[in-house]
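In: curious how this folds, go ahead:
(2 chains, ligands or ions: 1)
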Amino acid sequence: MKYNCVVCVKQVPDTKRITGDAMTEEGTVNRGALPAVFNPEDLNALEQALWIRDEYGGTVTVLTMGPPTACEVLREGLYRGADQVVLITDRAAAASDTLATSYILSCAVTKFSPDIVLCGRQAIDGDTAQVGPQLAQKLTFPVISYLEELVGLDDGKITVRRNIGNGWEVVSSKLPVLLTVTGSANIPRPPGARRMMKYKKARSAAELTGQVADEMPDASQQEKATEVKKRCEALKGRGLLLEQWSLDDIEADLAWCGRDGSPTKVHRVQSIVLAGGEYREFPPTDEGIAELVGDLIEDHTIG
Amino acid sequence: MIDVNKQGEVWVFAEQESGKLSEVPLELLVKGRQLADALSVPLAGVLLGDGVAGLADTLIAHGAEKVYLAEHPLLGHYQAAGYARVLCDLVEQHKPQICIYGATPLGRDLAPTVASAMWCGLTADCTDLQIGDHTDPITKQQYEKLMLQIRPAFGGSVIATIVNFDRWPQMATVREGVMPLGAPQSGRKGQVIRFKADLDGATLPLELIETRRRAKKVNLKAARIIVSGGAGVGSRENFRLVWDLANSLGAAVGGSRAAVDLGYVDDDHQVGQTGTTVRPALYVACGISGAVQHRAGMAESAKILAINDDPEAPIFSVAHYGIVGDLNDVIPKMIKAIRGGAGVKGAAEVAKA
Ligand SMILES: Cc1cc2nc3c(=O)[nH]c(=O)nc-3n(C[C@H](O)[C@H](O)[C@H](O)COP(=O)(O)OP(=O)(O)OC[C@H]3O[C@@H](n4cnc5c(N)ncnc54)[C@H](O)[C@@H]3O)c2cc1C
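Out: As a prediction, the model looks like this:
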């Protein structure tokens, strides 16, 4: 039996690289200075999907919602073996919280009638782990979160081992199902060299629009539009035009999208100020350390 | 979603497994109490399971004035579908204004399912909750006494405060260990309200095949003193030093993620954003640089002692005491000093007795 898998992925700022360079004078993070990467656990979700396809047949579709720059993760998906990729991009989707995001994704995912939907357990910019279960609820698919190992897949039934914090459990479900995949589930395959050669020139209409705007700053709107169209056609002929959908294309109800569709609102964002407080340094000598220990015993912290 | 309901109660989801309450809901009841008092509304626990009625008393002893209890064979083993259905029914019927869950794997599976089904807001992994006012920056509309949902974001480098002013209940998951556990008071009275779970004849999607739980080998949350080692310790063998120092202090052993990843210490011991959040009386950080993700799990400790050979290490900026030096040299000296000090004190106590 073949399985159609849809993998939802996100491009995220690489929060692992928050170093001195990425901090502003005031101690806040300079997002622009952080490289954008494929969310790590989404790579595990993709690997799981590719493995299922390679083992049983079927297709792997990679879906991302984001600005045109998010096409970078779609190309990466193609390099690693995805069969098709789709960018969902729309100004009206900006500022979506997890609920609005899961709604928008659900409108797109249903277009594929998938057997298995896979998400990374969580994204490293927000660490919420909410989109997976919320998407499952919107699709009315059962959710199996925190997947650590695919134990079996046969006859429309999937069995997986999932992490439950203080141990694990093995559960099975009929398809369709939504899985959220943890980093320990597998080791993602590297991009394939041949596929990289093939797809590195793949672009979406939104990217081409940006390209044309940069290259022909003095052209009229009309001329630009014609040029974009021409470039789209050319790429399409070579199978290199990345599919791009707006909220209209997926028939999303705008009331549930973007800022309006998001019940959670930001009240305030503060950068972390290190608690200065009183600080005493002791020399690394017998005397220094004895003095420190003496003080700690004196104020009943130890002893 | 339900409408804004300023008279609504504050609810704490009482996570239990195999008829045993976990610690999180008891921590959450302490926070829930503060929220309920600030709003002058009752605090309730919500207990779902099969044969769990006996746990209601514990919730009441920890401050719940009411316990909503739903028992059903299909709630015996957790799965999102059954739990979310019953919880949504309860919310529709009683219209709480706030609903909080532990940010455990279970809570992080259940809460988003409920939020999605109810089209209401949810903030993940909060480290604090408060009641406060909010002015919408666009409409300038003012909202009073909302739950301020405070959480680290962006890999722990900023603190974001989130509100939900219109699509209620206001829901959040709260990290384990960030709220201190309160002592139970057996004299407390509370009301148990039975709720009939609408699950008769239902089939739930997941079938449980096998489950394995292992007891945590270390309980960092309960430790009064923690000695933690990081990548600077150098090897699993050398981690002996950290264990020795901990033994001399009667402390638990913690580790940074780097120490765990390098195999110096097992992952139960990890302190930080993706490990355990601790707030001991004394936290000793040996060979730990003090990355934001590590600090997120220990910065609230009453006293912090940093031992590091790099005077520029960020750990010193949250420390109360610092020793700039090689831990291989400092730790043995410290053990010697403690044994000496403890000896004297021990002798004094014997003399008193
Ligand atoms: C999403 C995410 C979540 C994370 N969650 C966590 C978490 O929960 N907990 C956590 O700890 N980390 C976490 N991290 C990792 C974190 O960013 C750091 O990489 C980690 O804390 C570094 O550990 P460390 O301080 O032991 O190692 P290092 O940063 O390598 O520091 C080692 C320190 O040892 C000192 N040193 C070396 N030799 C000696 C010596 N002989 N004597 C004295 N000092 C010496 C060095 O000066 C240095 O300061 C997370 C990262 C990410 C991206």
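
In: what about the longest strand along chain A, average pLDDT?
Out: Criterion DSSP state E: the longest strand present in chain A is strand A:143-154. The pLDDT scores in strand A:143-154 average 96.

In: and that strand, does that touch chain B?
Out: Yes: under the criterion of Cβ under 8 Å from any Cβ of the partner chain, chain B is reached by strand A:143-154 at A:143-146. (C-beta placed from N, C-alpha, C; glycine too.)

In: contacts with the ligand among those residues, please.
Out: With Cβ under 6 Å from any ligand atom as the criterion, the residues of strand A:143-154 next to chain B include none near the ligand.

In: circling back: can you name the element that comes right after the longest strand of chain A?
Out: Proceeding N to C from strand A:143-154, the next assigned helix or strand is strand A:157-163, under DSSP states H and E.

In: on that earlier part again, partner strands of the longest strand of chain A, with direction?
Out: Here strand A:143-154 has these sheet partners by DSSP bridges: strand A:157-163 (antiparallel), strand A:177-181 (parallel).

In: give the closest residue to A:Q137 in space, chain neighbours not counted.
Out: Excluding the flanking residues, the one nearest A:Q137 by Cβ to Cβ, 6 or more residues apart in numbering or on different chains is B:S116, at 3.8 Å.

In: ok, that neighbour - contacts?
Out: With contact taken as Cβ atoms under 8 Å, 6 or more residues apart in numbering or on different chains, B:S116 is in contact with A:99, A:102, A:133-135, A:137-138.

In: coming back round to it: export the residues of strand A:143-154 next to chain B to JSON lines and tack on distance to B:G19 and neighbour count?
Out: Conversion of the residues of strand A:143-154 next to chain B to JSON lines gives the following (distance: Cβ to Cβ, whole Å; neighbours: other Cβ atoms under 10 Å in any protein chain shown):
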{"residue": "A:V143", "distance to B:G19": "24", "neighbour count": "28"}
{"residue": "A:I144", "distance to B:G19": "24", "neighbour count": "28"}
{"residue": "A:S145", "distance to B:G19": "23", "neighbour count": "27"}
{"residue": "A:Y146", "distance to B:G19": "23", "neighbour count": "26"}
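
In: now, the most widely separated pair of those residues?
Out: A:V143 and A:Y146 (10.1 Å; Cβ to Cβ).

In: now do the shared contacts for those two.
Out: Jointly contacting A:V143 and A:Y146 under the rule Cβ under 8 Å, 6+ apart are A:180, B:109.

In: wait, a strand at the residue nearest to A:Q137?
Out: No: using DSSP: H, G, I helix; E, B strand; the rest coil, the secondary structure at B:S116 is helix, not a strand.

In: now B:L74. Nearest residue, chain neighbours left out?
Out: Nearest to B:L74 is B:L199, by Cβ to Cβ, 6+ apart, at 4.6 Å.

In: is that neighbour in contact with B:G76, as I believe?
Out: No: at 11.0 Å, B:L199 does not count as touching B:G76 under the criterion of Cβ atoms under 8 Å.

In: any stretches of chain A with poor pLDDT?
Out: Along chain A, segments meeting pLDDT under 70 span A:16-32, A:272-277.

In: all helices of it, in order?
Out: Under the criterion DSSP state H, helices of chain A are mapped to A:40-56, A:71-80, A:98-109, A:131-139, A:193-199, A:205-215, A:221-237, A:286-298.

In: can you tell me which of those helices is most buried?
Out: Stretch with highest mean neighbour count among these: helix A:131-139 (a mean of 27; mean count of other Cβ atoms under 10 Å in any protein chain shown).

In: quick one: contacts of that one?
Out: For helix A:131-139, contacts defined as Cβ under 8 Å, 6+ apart pick out A:8, A:98-99, A:101-103, A:105-106, A:109-110, A:117, A:119-121, A:123, A:142-143, A:145, A:176, A:178-180, B:80, B:84, B:108-109, B:112-113, B:115-117.

In: output the set of residues of the stretch 201-350 of chain B in proximity to the ligand.
Out: So the stretch 201-350 of chain B meets the ligand at B:230-232, B:256-259, B:270-275, B:287-289, B:291, B:293-294, B:297, B:308-310, B:313, B:326-328 (Cβ under 6 Å from any ligand atom).

In: then stretch A:47-60 to PDB, C-alphas only?
Out: In PDB, the C-alpha atoms belonging to stretch A:47-60 read as follows (Å, rounded to 0.1, in the frame of the first residue of the first chain):
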ATOM      1  CA  GLU A  47      13.000  12.200   7.000                       C
ATOM      2  CA  GLN A  48      10.200  10.100   8.400                       C
ATOM      3  CA  ALA A  49       8.000  10.900   5.400                       C
ATOM      4  CA  LEU A  50      10.800  10.100   2.900                       C
ATOM      5  CA  TRP A  51      11.500   6.900   4.700                       C
ATOM      6  CA  ILE A  52       7.800   5.800   4.400                       C
ATOM      7  CA  ARG A  53       7.700   6.700   0.700                       C
ATOM      8  CA  ASP A  54      11.000   4.900   0.000                       C
ATOM      9  CA  GLU A  55       9.700   1.800   1.900                       C
ATOM     10  CA  TYR A  56       6.100   1.600   0.700                       C
ATOM     11  CA  GLY A  57       5.700   4.000  -2.200                       C
ATOM     12  CA  GLY A  58       3.600   7.100  -2.400                       C
ATOM     13  CA  THR A  59       4.500  10.800  -2.400                       C
ATOM     14  CA  VAL A  60       6.000  13.400  -0.100                       C
END
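
In: tell me which residues are up against that stretch.
Out: With contact meaning Cβ under 8 Å, 6+ apart, stretch A:47-60 is reached by A:1-5, A:7, A:46, A:80-84, A:115-116, A:118, A:147, A:150, A:153, A:179, A:181, A:185-189.

In: mind checking which of the residues you listed are in strands?
Out: A:3-5, A:7, A:84, A:116, A:118, A:147, A:150, A:153, A:179, A:181.

In: need these in JSON lines with neighbour count and distance to B:Q7, can you?
Out: Putting the ones in strands among the contacts of stretch A:47-60 into JSON lines (neighbours: other Cβ atoms under 10 Å in any protein chain shown; distance: Cβ to Cβ, whole Å) gives the following:
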{"residue": "A:Y3", "neighbour count": "21", "distance to B:Q7": "50"}
{"residue": "A:N4", "neighbour count": "21", "distance to B:Q7": "49"}
{"residue": "A:C5", "neighbour count": "27", "distance to B:Q7": "47"}
{"residue": "A:V7", "neighbour count": "28", "distance to B:Q7": "45"}
{"residue": "A:Q84", "neighbour count": "16", "distance to B:Q7": "52"}
{"residue": "A:I116", "neighbour count": "23", "distance to B:Q7": "44"}
{"residue": "A:L118", "neighbour count": "27", "distance to B:Q7": "43"}
{"residue": "A:L147", "neighbour count": "27", "distance to B:Q7": "42"}
{"residue": "A:L150", "neighbour count": "19", "distance to B:Q7": "48"}
{"residue": "A:L153", "neighbour count": "19", "distance to B:Q7": "50"}
{"residue": "A:L179", "neighbour count": "29", "distance to B:Q7": "41"}
{"residue": "A:V181", "neighbour count": "30", "distance to B:Q7": "42"}
